[in-house]
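Chemist: Got a predicted structure here, sequence first:
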Amino acid sequence: GEIKLVTGNSYKFKEFQELSKGRVKFVRVDSPKLEIQADNLEEIVRYSAVTFYSLFSGPLLVEDSGLFIKALNGFPGPYTSYVKRTLGCNGILKLMERIENREASFKSVIAYIDGDKLALFKGETEGTIALGVSGDKGFGFDPIFIPTGYTITFGEMELTEKNRISHRGKAFQEFLKFYESYL
Ligand code: ITT
Ligand code: NA
């Protein structure tokens, strides 16, 4: 059957579609998440899943992700979407100006919900905050994130390449293992 993927972010949906390679049929429900004030992605995504399930019924999938910068004690973390809108890539570069440790990671938590089950799946990709903005592929903070082992940003990568190593890609593979044995 098909799974409703609720997101206000069309890039996110595109990534999931490419990841699914036809093994899961996603139908997009374009609705922005109500971002609750919580200090972890799990709590936010769980709340979103339950709320959206009551609105749209299931089976349904929702994802919450964020950029966690080590030297900033994990900021912007669960507030990444808001910080992207307010500070943007250049705002983060400005905050990092005199900071030597540029380590950061992207985290993703997927929630799957149907009439029987609510399950969470996580993925994380480590890297560093670039010194400047590069690349116009992808979305969000892609142009300033260099994954470990690479010399280019997510913003310079093709979608398939990013999906192979991204936080979202990893969370999706965990979900897929569950889903294929669950069916
Ligand atoms: P939803 O409607 O699905 O919530 P969103 O874009 O608001 O869409 P999140 O709440 O999960 O998504 O916010 C995460 C933010 O973190 C997102 O807006 C980006 O700025 C950033 N982000 C998450 N994953 C990213 C990725 O793969 N590449 C670049 N930035 C990413
Ligand atoms: Na959001």
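Modeler: Nice, I can see it. Ligands and ions are numbered 1, 2, ... in the order given.
Chemist: Of all residues in this protein, which one is nearest the centre?
Modeler: Closest to where the C-alpha atoms of the chain average out (C-alpha atoms, centre = their mean) is residue 65, at 3.5 Å.
Chemist: In space, what's closest to that one - neighbours in sequence excluded?
Modeler: Using C-beta to C-beta, 6 or more residues apart in numbering and skipping the chain neighbours, the partner closest in space to residue 65 is residue 108 (4.3 Å). From N, CA and C alone the C-beta is placed, and that goes for glycine too.
Chemist: Confirm that that neighbour sits in a strand.
Modeler: Yes. Counting by DSSP: H, G, I helix; E, B strand; the rest coil, residue 108 is found in a strand.
Chemist: one step back: was I right to think the residue nearest to the centre of the chain contacts residue 110?
Modeler: No. Counting by C-beta atoms under 8 Å, residue 65 sits too far from residue 110 to count as a contact (9.3 Å).
Chemist: doesn't residue 174 make contact with the residue nearest to residue 65?
Modeler: No. Contact criterion C-beta under 8 Å: residue 108 and residue 174 do not qualify, at 9.8 Å.
Chemist: okay, these two: which has more neighbours?
Modeler: With neighbours defined as other C-beta atoms under 10 Å, residue 108 and residue 174 compare such that residue 108 has more, 24 against 16.
Chemist: any idea how far that one lies from ligand 2?
Modeler: Residue 108 sits 12 Å away from ligand 2, taking C-beta to the ion, to the nearest Å as the criterion.
Chemist: and what of residue 126?
Modeler: Counting by C-beta to the ion - residue 126 and ligand 2 are separated by 22 Å.
Chemist: ditto for residue 159
Modeler: Counting by C-beta to the ion - residue 159 and ligand 2 are separated by 20 Å.
Chemist: Give me the spatial nearest neighbour of that residue, chain neighbours excluded.
Modeler: Closest to residue 159 by C-beta to C-beta, 6+ apart is residue 18, at 5.5 Å.
Chemist: Count the neighbours of the one you found for me.
Modeler: Neighbours of residue 18 (other C-beta under 10 Å): 15.
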